[in-house]
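*Asks:* structural data only, the sequence is not supplied:
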Ligand SMILES: Nc1nc2c(ncn2[C@@H]2O[C@H](COP(=O)(O)OP(=O)(O)O)[C@@H](O)[C@H]2O)c(=O)[nH]1
Ligand SMILES: Nc1ncnc2c1ncn2[C@@H]1O[C@H](COP(=O)(O)OP(=O)(O)O)[C@@H](O)[C@H]1O
(Lines give C-alpha, C1' and ligand atoms only; values in the text may rest on other atoms or scores of the structure.)
(Ligands and ions follow the chains in the order given, each with its own letter.)
Protein backbone atom coordinates (compact mmCIF):
# COMPACT_ATOMS: atom_id res chain seq x y z
CA UNK A 1 0.00 0.00 0.00
CA UNK A 2 1.72 3.15 -1.25
CA UNK A 3 0.37 6.38 0.22
CA UNK A 4 0.96 9.77 -1.34
CA UNK A 5 0.04 12.81 0.76
CA UNK A 6 0.74 16.52 0.40
CA UNK A 7 -0.84 19.90 0.86
CA UNK A 8 -3.49 20.50 -1.78
CA UNK A 9 -1.94 21.55 -5.09
CA UNK A 10 1.56 20.11 -4.54
CA UNK A 11 1.02 17.62 -7.36
CA UNK A 12 -0.31 14.30 -5.96
CA UNK A 13 -2.90 13.78 -8.68
CA UNK A 14 -0.45 14.58 -11.48
CA UNK A 15 2.24 12.29 -10.08
CA UNK A 16 -0.23 9.47 -9.36
CA UNK A 17 -1.46 9.52 -12.96
CA UNK A 18 2.10 9.29 -14.23
CA UNK A 19 2.94 6.41 -11.91
CA UNK A 20 -0.20 4.49 -12.92
CA UNK A 21 0.62 5.00 -16.60
CA UNK A 22 4.17 3.72 -16.16
CA UNK A 23 3.69 0.78 -13.78
CA UNK A 24 1.24 -2.02 -14.48
CA UNK A 25 1.53 -3.67 -11.07
CA UNK A 26 -0.17 -0.85 -9.16
CA UNK A 27 -3.87 0.03 -8.89
CA UNK A 28 -5.32 3.37 -7.78
CA UNK A 29 -7.68 3.34 -4.84
CA UNK A 30 -10.65 5.49 -5.92
CA UNK A 31 -12.07 7.33 -2.91
CA UNK A 32 -15.65 8.33 -2.15
CA UNK A 33 -16.25 11.99 -1.42
CA UNK A 34 -19.09 14.38 -0.69
CA UNK A 35 -17.13 17.16 -2.47
CA UNK A 36 -18.79 18.29 -5.71
CA UNK A 37 -16.97 17.18 -8.88
CA UNK A 38 -14.55 19.63 -10.50
CA UNK A 39 -14.93 20.27 -14.23
CA UNK A 40 -13.61 17.24 -16.08
CA UNK A 41 -13.65 14.89 -13.08
CA UNK A 42 -15.28 11.56 -13.84
CA UNK A 43 -17.43 9.67 -11.32
CA UNK A 44 -15.86 6.28 -10.62
CA UNK A 45 -12.49 7.33 -12.02
CA UNK A 46 -11.36 10.40 -10.05
CA UNK A 47 -13.74 9.82 -7.15
CA UNK A 48 -17.07 8.23 -6.42
CA UNK A 49 -19.16 11.34 -5.82
CA UNK A 50 -21.82 10.61 -3.19
CA UNK A 51 -24.20 12.56 -0.96
CA UNK A 52 -23.73 12.80 2.81
CA UNK A 53 -26.35 10.11 3.74
CA UNK A 54 -24.73 7.64 1.33
CA UNK A 55 -21.30 8.37 2.82
CA UNK A 56 -22.64 7.89 6.36
CA UNK A 57 -24.27 4.59 5.39
CA UNK A 58 -21.01 3.31 3.85
CA UNK A 59 -19.06 4.36 6.96
CA UNK A 60 -21.60 2.84 9.36
CA UNK A 61 -21.70 -0.46 7.47
CA UNK A 62 -17.90 -0.78 7.62
CA UNK A 63 -17.43 -0.32 3.89
CA UNK A 64 -14.65 2.24 4.37
CA UNK A 65 -11.08 1.29 5.21
CA UNK A 66 -10.51 4.82 6.55
CA UNK A 67 -12.31 8.14 6.36
CA UNK A 68 -11.77 11.78 7.28
CA UNK A 69 -13.13 15.29 7.00
CA UNK A 70 -10.91 17.42 4.73
CA UNK A 71 -11.79 21.03 3.83
CA UNK A 72 -15.33 20.51 5.24
CA UNK A 73 -16.00 17.55 2.94
CA UNK A 74 -16.06 13.85 3.74
CA UNK A 75 -13.56 11.51 2.09
CA UNK A 76 -13.10 7.77 2.48
CA UNK A 77 -11.44 4.70 0.98
CA UNK A 78 -13.81 1.91 -0.15
CA UNK A 79 -12.61 -1.32 1.43
CA UNK A 80 -13.60 -4.03 -1.13
CA UNK A 81 -11.59 -2.69 -4.09
CA UNK A 82 -8.44 -2.44 -1.98
CA UNK A 83 -8.82 -5.92 -0.50
CA UNK A 84 -9.48 -7.41 -3.94
CA UNK A 85 -6.41 -5.77 -5.48
CA UNK A 86 -4.14 -6.74 -2.57
CA UNK A 87 -5.34 -10.34 -2.56
CA UNK A 88 -4.61 -10.50 -6.31
CA UNK A 89 -1.02 -9.56 -5.44
CA UNK A 90 -1.25 -6.01 -6.77
CA UNK A 91 0.09 -2.87 -5.12
CA UNK A 92 -2.39 -0.10 -4.32
CA UNK A 93 -1.77 3.65 -4.54
CA UNK A 94 -3.66 5.97 -2.17
CA UNK A 95 -4.01 9.75 -2.59
CA UNK A 96 -5.22 10.45 0.94
CA UNK A 97 -4.43 12.92 3.72
CA UNK A 98 -2.48 12.43 6.96
CA UNK A 99 -5.61 11.44 8.92
CA UNK A 100 -6.37 8.56 6.56
CA UNK A 101 -2.70 7.57 6.50
CA UNK A 102 -2.68 7.31 10.29
CA UNK A 103 -5.79 5.11 10.20
CA UNK A 104 -4.27 2.75 7.61
CA UNK A 105 -1.16 2.58 9.78
CA UNK A 106 -3.19 1.35 12.77
CA UNK A 107 -4.03 -1.93 11.01
CA UNK A 108 -1.40 -2.36 8.32
CA UNK A 109 1.83 -0.65 9.41
CA UNK A 110 4.04 -3.35 7.85
CA UNK A 111 2.29 -3.14 4.49
CA UNK A 112 2.31 0.64 4.27
CA UNK A 113 4.84 2.85 2.48
CA UNK A 114 4.21 6.54 3.14
CA UNK A 115 5.43 9.28 0.82
CA UNK A 116 4.94 13.00 1.44
CA UNK A 117 5.17 15.46 -1.42
CA UNK A 118 6.28 19.04 -0.74
CA UNK A 119 6.07 22.04 -3.07
CA UNK A 120 9.44 23.76 -3.72
CA UNK A 121 8.13 27.10 -2.41
CA UNK A 122 4.93 28.65 -1.04
CA UNK A 123 4.67 30.74 -4.21
CA UNK A 124 4.85 27.57 -6.34
CA UNK A 125 2.07 26.02 -4.30
CA UNK A 126 -0.19 29.04 -4.77
CA UNK A 127 0.63 29.20 -8.46
CA UNK A 128 -0.18 25.48 -8.88
CA UNK A 129 -3.49 25.86 -7.07
CA UNK A 130 -4.38 28.74 -9.38
CA UNK A 131 -3.04 27.09 -12.53
CA UNK A 132 -5.37 24.18 -12.00
CA UNK A 133 -8.06 26.79 -12.63
CA UNK A 134 -10.75 24.56 -11.23
CA UNK A 135 -11.38 26.09 -7.84
CA UNK A 136 -12.83 29.45 -6.84
CA UNK A 137 -10.66 32.14 -5.27
CA UNK A 138 -12.21 31.28 -1.90
CA UNK A 139 -11.29 27.61 -2.24
CA UNK A 140 -7.69 28.50 -3.24
CA UNK A 141 -7.43 30.71 -0.14
CA UNK A 142 -8.85 28.00 2.11
CA UNK A 143 -6.33 25.46 0.76
CA UNK A 144 -3.36 27.83 1.13
CA UNK A 145 -4.45 28.56 4.71
CA UNK A 146 -4.50 24.83 5.52
CA UNK A 147 -1.19 24.01 3.80
CA UNK A 148 1.00 24.76 6.80
CA UNK A 149 -1.03 22.42 9.04
CA UNK A 150 -0.90 19.67 6.41
CA UNK A 151 2.85 20.06 6.02
CA UNK A 152 3.38 19.75 9.79
CA UNK A 153 2.63 16.01 9.40
CA UNK A 154 5.63 15.35 7.13
CA UNK A 155 7.50 13.69 10.01
CA UNK A 156 4.96 10.83 10.01
CA UNK A 157 6.06 9.75 6.51
CA UNK A 158 8.86 7.41 5.37
CA UNK A 159 9.92 9.38 2.30
CA UNK A 160 9.86 13.02 1.23
CA UNK A 161 9.85 14.20 -2.37
CA UNK A 162 10.19 17.92 -3.12
CA UNK A 163 8.16 18.18 -6.29
CA UNK A 164 10.22 20.51 -8.47
CA UNK A 165 9.73 18.79 -11.80
CA UNK A 166 7.12 16.08 -12.32
CA UNK A 167 9.24 13.65 -14.34
CA UNK A 168 12.07 13.90 -11.85
CA UNK A 169 9.60 13.23 -9.01
CA UNK A 170 8.29 10.22 -10.92
CA UNK A 171 11.81 8.77 -11.12
CA UNK A 172 12.10 9.20 -7.33
CA UNK A 173 8.68 7.69 -6.61
CA UNK A 174 9.41 4.75 -8.90
CA UNK A 175 12.72 4.17 -7.11
CA UNK A 176 10.91 4.09 -3.75
CA UNK A 177 8.37 1.62 -5.08
CA UNK A 178 11.02 -0.65 -6.59
CA UNK A 179 13.12 -0.66 -3.42
CA UNK A 180 10.11 -1.36 -1.19
CA UNK A 181 9.04 -4.24 -3.48
CA UNK A 182 12.50 -5.78 -3.00
CA UNK A 183 12.25 -5.82 0.80
CA UNK A 184 12.94 -9.40 1.82
CA UNK A 185 9.73 -9.79 3.81
CA UNK A 186 7.66 -8.71 0.78
CA UNK A 187 9.13 -11.31 -1.60
CA UNK A 188 6.59 -14.11 -1.68
CA UNK A 189 7.99 -17.52 -2.51
CA UNK A 190 11.52 -16.42 -1.65
CA UNK A 191 12.33 -19.19 0.82
CA UNK A 192 11.32 -21.97 -1.58
CA UNK A 193 13.26 -20.26 -4.37
CA UNK A 194 16.37 -20.10 -2.19
CA UNK A 195 15.85 -23.68 -1.02
CA UNK A 196 15.72 -24.85 -4.65
CA UNK A 197 18.83 -22.87 -5.39
CA UNK A 198 20.71 -24.30 -2.44
CA UNK A 199 19.55 -27.85 -3.12
CA UNK A 200 21.03 -27.55 -6.58
CA UNK A 201 24.41 -26.48 -5.24
N1 LIG B 1 -8.42 10.48 4.45
C2 LIG B 1 -8.70 10.60 3.15
N3 LIG B 1 -8.29 11.69 2.48
C4 LIG B 1 -8.58 11.75 1.16
C5 LIG B 1 -9.28 10.73 0.49
N6 LIG B 1 -9.41 11.09 -0.82
C7 LIG B 1 -8.79 12.27 -0.95
N8 LIG B 1 -8.30 12.68 0.24
C9 LIG B 1 -7.53 13.91 0.53
O10 LIG B 1 -8.41 15.01 0.57
C11 LIG B 1 -7.69 16.18 0.19
C12 LIG B 1 -8.50 16.98 -0.80
O13 LIG B 1 -8.60 16.27 -2.00
P14 LIG B 1 -9.24 16.96 -3.27
O15 LIG B 1 -10.56 17.54 -2.92
O16 LIG B 1 -9.21 16.00 -4.43
O17 LIG B 1 -8.28 18.19 -3.55
P18 LIG B 1 -6.76 18.24 -4.07
O19 LIG B 1 -5.89 17.50 -3.11
O20 LIG B 1 -6.52 19.70 -4.09
O21 LIG B 1 -6.73 17.63 -5.43
C22 LIG B 1 -6.33 15.71 -0.31
O23 LIG B 1 -5.40 15.89 0.75
C24 LIG B 1 -6.54 14.24 -0.57
O25 LIG B 1 -5.33 13.51 -0.43
C26 LIG B 1 -9.69 9.59 1.24
O27 LIG B 1 -10.31 8.66 0.76
N28 LIG B 1 -9.38 9.59 2.56
N1 LIG C 1 6.07 19.48 -10.55
C2 LIG C 1 5.17 20.36 -11.01
N3 LIG C 1 5.55 21.51 -11.59
C4 LIG C 1 4.66 22.40 -12.04
N5 LIG C 1 3.31 22.25 -11.96
C6 LIG C 1 2.87 21.11 -11.39
C7 LIG C 1 3.74 20.12 -10.88
N8 LIG C 1 3.00 19.10 -10.37
C9 LIG C 1 1.71 19.46 -10.54
N10 LIG C 1 1.62 20.66 -11.16
C11 LIG C 1 0.39 21.40 -11.51
O12 LIG C 1 -0.12 21.92 -10.29
C13 LIG C 1 -1.54 21.82 -10.25
C14 LIG C 1 -1.97 21.02 -9.01
O15 LIG C 1 -1.55 19.67 -9.19
P16 LIG C 1 -2.40 18.42 -8.68
O17 LIG C 1 -1.72 17.20 -9.19
O18 LIG C 1 -3.86 18.61 -9.01
O19 LIG C 1 -2.18 18.55 -7.09
P20 LIG C 1 -2.86 17.80 -5.84
O21 LIG C 1 -3.49 16.54 -6.38
O22 LIG C 1 -1.74 17.55 -4.89
O23 LIG C 1 -3.87 18.75 -5.29
C24 LIG C 1 -1.97 21.23 -11.58
O25 LIG C 1 -2.34 22.28 -12.46
C26 LIG C 1 -0.72 20.51 -12.07
O27 LIG C 1 -0.67 20.48 -13.48
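*Replies:* Sure, I can see it. Quantities reported herein were computed from a predicted structural model and do not represent experimental measurements. Ligands and ions are numbered 1, 2, ... in the order given.

*Asks:* for residue 165, see how far away residue 58 is.
*Replies:* When C-beta to C-beta, to the nearest Å is the yardstick, residue 58 and residue 165 sit 38 Å from each other. Glycine gets a C-beta too; all of them are placed from N, C-alpha and C.

*Asks:* tell me who's in contact with residue 169.
*Replies:* Under the criterion of C-beta atoms under 8 Å, 6 or more residues apart in numbering, the contact list for residue 169 reads 11, 15, 117, 161, 163.

*Asks:* closest one of those to ligand 2?
*Replies:* Minimum distance to ligand 2 across those is 2.9 Å, recorded for residue 11 (C-beta to the nearest ligand atom).

*Asks:* rewinding a little: and residue 58 and residue 165? Which one has more around it.
*Replies:* Under the neighbour definition other C-beta atoms under 10 Å, residue 58 and residue 165 were set side by side, and residue 58 has more, 19 against 10.

*Asks:* quick one: pLDDT of the more buried one?
*Replies:* The confidence metric pLDDT takes the value 97 at residue 58.

*Asks:* could you give the bridge partners of the nearest residue to it once chain neighbours are set aside?
*Replies:* The shortest distance from residue 58 to any residue that is not its chain neighbour, by C-beta to C-beta, 6 or more residues apart in numbering, is 5.6 Å, and that residue is residue 64. Beta-bridge partners recorded for residue 64 (DSSP bridges): residue 78.

*Asks:* ok, the residue in the chain positioned nearest to ligand 1 - contacts?
*Replies:* At 2.5 Å from ligand 1, residue 100 is the closest residue in the chain, using C-beta to the nearest ligand atom. Contact analysis of residue 100 by C-beta under 8 Å, 6+ apart lists 3, 66-68, 75-77, 94.

*Asks:* now intersect those with the strands, please.
*Replies:* With strands defined by DSSP state E, the entries of the contacts of residue 100 inside them are 3, 66-68, 75-77, 94.

*Asks:* what is the burial count for the residue nearest to residue 58?
*Replies:* Using other C-beta under 10 Å, residue 64 has 21 other residues around it.

*Asks:* give me the element the residue of the chain closest to ligand 1 is part of.
*Replies:* helix 98-108 (DSSP states H and E).

*Asks:* that helix near ligand 2 at all?
*Replies:* No: counting by C-beta under 6 Å from any ligand atom, ligand 2 is not contacted by helix 98-108; separation bottoms out at 13.2 Å.

*Asks:* do a quick rundown of the helices in this structure.
*Replies:* Counting by DSSP state H, the chain has these helices, from start to end: 12-22, 52-60, 79-87, 98-108, 122-131, 137-151, 166-181, 190-199.

*Asks:* residue numbers of the chain in contact with ligand 2?
*Replies:* Proximity of the chain to ligand 2 (C-beta under 6 Å from any ligand atom) is limited to residues 6, 8-14, 128, 131-132, 163, 165-166.

*Asks:* just the buried residues out of these, in ChimeraX syntax.
*Replies:* Typed into ChimeraX, the next command selects the buried ones out of the residues of the chain next to ligand 2 (criterion: 16 or more other C-beta atoms under 10 Å):
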select :6,8,9,10,11,12,13,14,128,163
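
*Asks:* which of the residues of the chain next to ligand 2 are close to ligand 1?
*Replies:* Near ligand 1, taking C-beta under 6 Å from any ligand atom as the test, the members of those found are 8-9, 13.
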